[in-house]
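Undergrad: Coordinates only, no sequence provided:
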């Protein structure tokens, strides 16, 4: 059994999502090859070679892969897939963009967002915004799978000693181009990798009031998140949205402030280890999943909490 895993990286460092996906690959068993495709990404290949469970690293260092455009990268993955039984990627924006194209070119059904490995061909995945879990079986000879990274423990980033093989294939489909990056710069931890997340919802009331959420996050050295309602209202940027149509997080501590707890939001954070909810509405659905709940006005409770920390 051979597994090809697409590495998540920014051409400078290997992302934690890759280590979680390696955790899923370990449950499948077999030999794992990690594909690092990018430009000027040799340092990423060296990091990948040290990850536990990696037998070999394939380095595709070409200008056409600089931004990992699915249109350019998919043909390479399809070519390599001839030698593998599984193609895996984290269920991130990159993985969700790339693997459906790979699955279509291979003429197989993709298994999306798996949260458990039952056997070599059977997996569990959430449906209906996480309110039900489907057990799915694939009869395809090759299995193309995206992995919900919060559902699997990360393997150790060091301790491995995989070989690195350079690839010469360079594909430029000529149908898409990278125009620019618009990145939010922050000293806070990355939302999907943070151990603590403080999120604000519609109850915050305004963009200016979101400073209350940020003050608590700074005290806890936490990442800042937001509900879709807060993002839609313009209180927070959409790159920090937590939920079914945002980012999936599972930190050690998740603090939901002024968030009612719509199904869409719960789908993105209910796997957090400890959930704390602060809301003045005692009937808010968020209290049904919270480990600790405080019925209070957030504009009184949060400053008191900040002062106490």
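TA: Good, I have the coordinates. Just so it is clear, the structure is predicted and the values come from calculations on it, not from any experiment. Numbering: from 1, shown residues only.
Undergrad: secondary structure element for residue 45?
TA: helix 42-50 (DSSP states H and E).
Undergrad: which residues are contacting that helix?
TA: 7, 9, 11-14, 18, 34, 36, 38, 54, 57, 59, 61, 157-164 (Cβ atoms under 8 Å, 6 or more residues apart in numbering). For glycine as for every other residue, the C-beta is placed from the backbone atoms N, C-alpha and C.
Undergrad: Can you check what angle separates the helix or strand just after it from helix 42-50?
TA: For helix 42-50, the following helix or strand on the C-terminal side (DSSP H and E) is strand 56-61. Per axes from the mean of the first three to the mean of the last three Cα atoms, to 10 degrees, the angle that strand 56-61 makes with helix 42-50 is 170 degrees.
Undergrad: if we can go back for a sec, narrow the contacts of helix 42-50 to those in strands?
TA: 34, 36, 38, 57, 59, 61, 163, 164 (DSSP state E).
Undergrad: Quick check: residue 294 touching residue 278?
TA: Yes: if you go by Cβ atoms under 8 Å, residue 294 and residue 278 touch, sitting 4.8 Å apart.
Undergrad: quick one: common contacting residues for the two?
TA: residue 301.
Undergrad: sorry, back to before: any chance of the ones in strands among the contacts of helix 42-50 in a markdown table, with neighbour count and distance to residue 251 too?
TA: Formatted as a markdown table, the ones in strands among the contacts of helix 42-50 follow (neighbours: other Cβ atoms under 10 Å; distance: Cβ to Cβ, whole Å):
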| residue | neighbour count | distance to residue 251 |
| --- | --- | --- |
| 34 | 30 | 26 |
| 36 | 28 | 27 |
| 38 | 23 | 28 |
| 57 | 25 | 29 |
| 59 | 22 | 32 |
| 61 | 20 | 34 |
| 163 | 11 | 35 |
| 164 | 15 | 33 |
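Undergrad: before we move on, what SS does residue 276 have?
TA: strand (DSSP: H, G, I helix; E, B strand; the rest coil).
Undergrad: Write down the beta-bridge partners of it, one by one.
TA: residue 255, residue 292 (DSSP bridges).
Undergrad: what's the pLDDT at it?
TA: You'll see residue 276 listed with a pLDDT of 97.
Undergrad: That one - how many residues pack around it?
TA: Residue 276 has 18 neighbouring residues, counting by other Cβ atoms under 10 Å.
Undergrad: gap between the residue located most distally from the centre of the chain and residue 258?
TA: Most distant from the centre of the chain: residue 300, at 33.5 Å, with distances by Cα atoms, centre = their mean. As judged by Cβ to Cβ, to the nearest Å, residue 300 and residue 258 stand 12 Å apart.
Undergrad: quick revisit: ok, so of the ones in strands among the contacts of helix 42-50, who is nearest residue 286?
TA: residue 34 (38.4 Å; Cβ to Cβ).
Undergrad: Surely residue 228 and residue 245 touch.
TA: Yes: with contacts counted by Cβ under 8 Å, residue 228 reaches residue 245, the gap being 6.6 Å.
Undergrad: Comparing these two, which residue is more hemmed in?
TA: For residue 228 and residue 245, the more surrounded residue by other Cβ under 10 Å is residue 228, and the numbers stand at 21 against 14.
Undergrad: ranges for the helices of the protein?
TA: Taking DSSP state H as the test, the helices found in the chain are 16-28, 42-50, 70-81, 93-106, 211-220, 228-232, 263-269, 298-308.
Undergrad: if we can go back for a sec, any common contacting residues for residue 228 and residue 245?
TA: Contacts common to residue 228 and residue 245, judged by Cβ under 8 Å, 6+ apart, are residue 264.
Undergrad: ok so, going back, nearest to residue 173, out of the helices of the chain?
TA: helix 70-81 (4.3 Å).
Undergrad: elements contacting the closest one?
TA: If contacts are counted by 3 or more Cβ pairs under 8 Å, 6 or more residues apart in numbering; DSSP states H and E, helix 70-81 sits against strand 2-6, strand 31-38, helix 93-106.
Undergrad: Taking strand 2-6 as reference, get the angle to that helix.
TA: Going by the same axes, to 10 degrees, helix 70-81 makes 160 degrees with strand 2-6.
Undergrad: Tell me the buried residues in helix 70-81?
TA: 70, 71, 72, 73, 74, 75, 76, 77, 78, 80, 81 (16 or more other Cβ atoms under 10 Å).
Undergrad: which other residues reach it?
TA: Against helix 70-81 from outside (Cβ under 8 Å, 6+ apart): 4, 6, 35, 37, 58, 60, 64-65, 87, 97-98, 101-102, 105-106, 142, 167, 169, 171-173, 175-176.
Undergrad: pLDDT on it, on average?
TA: 96.
Undergrad: can you check stretch 210-224 too?
TA: 95.
Undergrad: pLDDT score assigned to residue 183?
TA: At residue 183, pLDDT is 69.
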